[in-house]
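Participant: A predicted structure for the sequence below; I have some questions about it.
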Amino acid sequence: MEHLTKETFLKKVFDYENNKEWKFEGDLPCIIDFYADWCQPCKMVAPIMEELEQEFAGKINFYKIDTEDQQELAAAFGIRSIPSILFCPKDDKPQMATGALPKDVFKQAIADVFKITADSTVS
């Protein structure tokens with residue numbers, strides 16, 4: 001799973017320095033896990049994200065952002081609690097989920113936000 005820095009975030013997700021309105025830069029919808037190494041709930045979410053990344057390979061990009069290392073990115077999204085998971089559809093506004101949610105809740109969110117399921121293509 002790729003770790004984003006501000007530089008790669010601006011290219012792959014949203015160039016907030018040059019755009020006031022949300023404009024997604026990626027080829028595939030993405031999910032971004034805002035986390036920190038010391039955060040126990042984040043450690044519970046990490047393997048779920050890795051499983052989802054495999055199940056949705058080629059349909060969704062998965063990224064991680066270390067909120068300790070990338071404080072400007074965390075501030076840009078008003079991250080106050082972690083883990084915070086940002087769902088970025090290609091043609092719509094991003095949506096945030098917070099907390100260590102179970103895998104089926106993430107899969108339901110993927111279905112709701114991206115209209116993608118693990119076993120089928122985009123409807």
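Facilitator: Okay, I see it.
Participant: CA only for contacts and neighbour counts going forward, please
Facilitator: Will do.
Participant: Now Tyr35: phi and psi?
Facilitator: Dihedral pair for Tyr35: phi -140, psi 180, per degrees, to the nearest 10.
Participant: who does the helix ranked longest in the chain touch, helix- and strand-wise?
Facilitator: When the chain is parsed with DSSP state H, its longest helix is helix 40-55. Here helix 40-55 touches strand 61-66, going by 3 or more C-alpha pairs under 8 Å, 6 or more residues apart in numbering; DSSP states H and E.
Participant: Give me the mean pLDDT for the helix or strand that the strand it packs on is followed by.
Facilitator: Remark: after strand 61-66, the chain's next helix or strand is helix 71-76, criterion DSSP states H and E. Helix 71-76 shows a mean pLDDT of 94.
Participant: picking that back up, may I see the buried residues of the longest helix of the chain?
Facilitator: Across helix 40-55, burial judged by 16 or more other C-alpha atoms under 10 Å covers Cys42, Val45, Ala46, Ile48, Met49, Leu52, Glu53.
Participant: isn't the last one right up against Ile60?
Facilitator: In other words, Glu53. Yes - contact criterion C-alpha atoms under 8 Å: Glu53 and Ile60 qualify, at 7.4 Å.
Participant: Just give me the closest of the buried residues of helix 40-55 to Ala109.
Facilitator: Distances from Ala109 to the buried residues of helix 40-55, taken as C-alpha to C-alpha, are shortest for Leu52 (11.9 Å).
Participant: could I get the buried residues of helix 40-55 as TSV with pLDDT and distance to Thr8?
Facilitator: Below are these laid out as TSV (pLDDT from 0 to 100; distance: C-alpha to C-alpha, whole Å):
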residue	pLDDT	distance to Thr8
Cys42	96	22
Val45	96	23
Ala46	96	21
Ile48	97	23
Met49	97	20
Leu52	97	22
Glu53	97	19
